[in-house]
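A.B. asks: Have a look at this prediction, sequence included:
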Amino acid sequence: MRGGASAPSRRCSPKRACRSSAASFESPAWRSSSSRRPFVERTTAAASRRPFPSSGLAWAPVDDLTFRATYGESFRAPSIGQLTDVPGASPVNLVNGSKTTLTLILSGGNPGLMPETAKSWTGGFDFTPASHPELTLSGTLFRTAFEGRIGRPAVSYLSTILTASDLAPFRTFIAPATNPADLALVKTYLALASASSQALYPAEAYRAIGDARYVNAGAFTVEGLDFQGGYRVDLGADRIDLNGNLSWLLHYKREVTPTSTSVELAGMAGFPADLRARASATWSHGSFASTMTINHIGDLRTNDARRMPTLITADLQVRWSPNARTGPWRGSAVTLTVQNVFDKDPPFYDAPQIVGFDAANYDPNGRVIALQLTKAW
């Protein structure tokens, strides 16, 4: 783990120097003409070199179909606050199995932080047949791998810091009531806390220390598939637009330290659902447009292997946009929106935040009705 912080940190005077250069090019490597090549309607390549390289390639074997691919590298330097935040400590009671453990959580900046880096790949296609211009299809496979991520794993996963195997580097179990070295360590860290926090518990009462200071943690990998499709139907003066998209999260892997085992989090409660889908139909009739949308969130798993069922909800929107050139309705629009038409409740989840739902994936508000009037001048 780079940029680790194991001792009380002090405020530092930050200095930062940045040097960079940039160069890029884009070129049609081949474009069809009178001398056509088989399976090459057009090919375009692009590349750039800033502090990190990026490149892209688009190949159209026929006019209706384009394949594309990109690759890029990036970095994010630590902020001044992440380097220099004042060190502190706070007492927190955390669940540890069937009991509660009084834990001293350390906070503050880390002047030893290094930039985090990422490498991203995408590949996909776009299909719009000339014989059916009302149809559009596209798909994208993406993968982003982060290294040395700047963060505070003990804060991001506070509810499991005392139990998760991959968070072991950020916890220390202590016995200050019987171990003089542990007692001295607790008193050293308590000196960083506010006077009110110091007065809450005696030093001998603490049973664990959680390190929530900024560090360059291990790695994080996100990989998935996105599909989109659309179809337009003309019915005289009216029109119906059908649209759909599906997002399938293949991997959402956390590796808290370089030596820890990667943990798959896709589809776990508290993290992004591994499957989301959305389908909509819009009917346009003169100045009116009505849209019905169906939303699907796939099932989730909890830490105790319990399955949370899928959730399907519906939204409705009716919009009136009068085509008035003069008068009070010129540039006006009235929109009626109903979210979660059938008032579906999210699946119950005994979240660590002491709420009965998964805030990372669900909205607990139920049916919401909104009427909006907009006016443009």
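C.D. replies: Arrived safely, thanks for sending.

A.B. asks: dump the residue contacts of the most centrally placed residue in the chain.
C.D. replies: With distances taken as Cα atoms, centre = their mean, the residue of the chain nearest its centroid is residue 272 (7.6 Å). Contact analysis of residue 272 by Cβ atoms under 8 Å, 6 or more residues apart in numbering lists 249, 252, 266, 360-361. Every C-beta, even on glycine, is put in place using the N, C-alpha and C of the backbone.

A.B. asks: Which ones among the residues you listed lie within strands?
C.D. replies: Per DSSP state E, strands hold the following members of the contacts of residue 272: 249, 252.

A.B. asks: Give the ChimeraX command for selecting the buried subset of the contacts of residue 272.
C.D. replies: Burial among those is assessed by 16 or more other Cβ atoms under 10 Å; the matching ChimeraX selection reads:
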select :249,252,266,361
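
A.B. asks: Now distance to residue 287 and pLDDT too, for the contacts of residue 272, in CSV please.
C.D. replies: Converted to CSV, the contacts of residue 272 look like this (distance: Cβ to Cβ, whole Å; pLDDT from 0 to 100):
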residue, distance to residue 287, pLDDT
249, 40, 96
252, 44, 94
266, 44, 93
360, 39, 88
361, 37, 93
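
A.B. asks: between the contacts of residue 272, which is nearest residue 97?
C.D. replies: residue 360 (23.9 Å; Cβ to Cβ).

A.B. asks: what comes into contact with stretch 217-227?
C.D. replies: Contact with stretch 217-227 is made by 1, 124, 137-151, 153, 245-258, 260, 262, as judged by Cβ under 8 Å, 6+ apart.

A.B. asks: Report all helices and strands that the strand or helix carrying residue 95 contacts.
C.D. replies: Following DSSP states H and E, one finds residue 95 within strand 88-96. Applying 3 or more Cβ pairs under 8 Å, 6 or more residues apart in numbering; DSSP states H and E, we find strand 88-96 packed against strand 99-107, helix 195-198, strand 208-211.

A.B. asks: and those, which is most packed in?
C.D. replies: Of those, the one with the most neighbours on average (mean count of other Cβ atoms under 10 Å) is strand 208-211, at a mean of 22.

A.B. asks: ok, and what's touching it?
C.D. replies: By Cβ under 8 Å, 6+ apart, the residues outside strand 208-211 that reach it are 5-6, 92, 94, 96, 101-106, 154, 158, 161-162, 169-174, 185-186, 189.

A.B. asks: same deal with stretch 229-246?
C.D. replies: Outside stretch 229-246, the residues that reach it (Cβ under 8 Å, 6+ apart) are 134-138, 225-228, 275-286.

A.B. asks: Name the residues of that stretch that are buried.
C.D. replies: 229-230, 241, 243, 246.

A.B. asks: CA atoms only: put stretch 84-93 into PDB for me.
C.D. replies: Taking C-alpha atoms only, stretch 84-93 is exported to PDB below (Å, rounded to 0.1, in the frame of the first residue of the first chain):
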ATOM      1  CA  THR A  84      -2.500  18.400   4.500                       C
ATOM      2  CA  ASP A  85      -5.800  17.900   6.400                       C
ATOM      3  CA  VAL A  86      -5.300  18.300  10.100                       C
ATOM      4  CA  PRO A  87      -4.900  15.000  11.900                       C
ATOM      5  CA  GLY A  88      -7.700  13.900  14.200                       C
ATOM      6  CA  ALA A  89      -9.400  11.100  16.100                       C
ATOM      7  CA  SER A  90     -13.000  10.200  16.900                       C
ATOM      8  CA  PRO A  91     -14.600   7.400  19.000                       C
ATOM      9  CA  VAL A  92     -17.100   5.200  17.200                       C
ATOM     10  CA  ASN A  93     -19.000   2.100  18.300                       C
END
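
A.B. asks: average pLDDT across it?
C.D. replies: Stretch 84-93 comes out with an average pLDDT of 93.

A.B. asks: Likewise for stretch 327-342?
C.D. replies: pLDDT averaged over stretch 327-342 gives 92.

A.B. asks: Before I go, just wanted to say thanks for your time.
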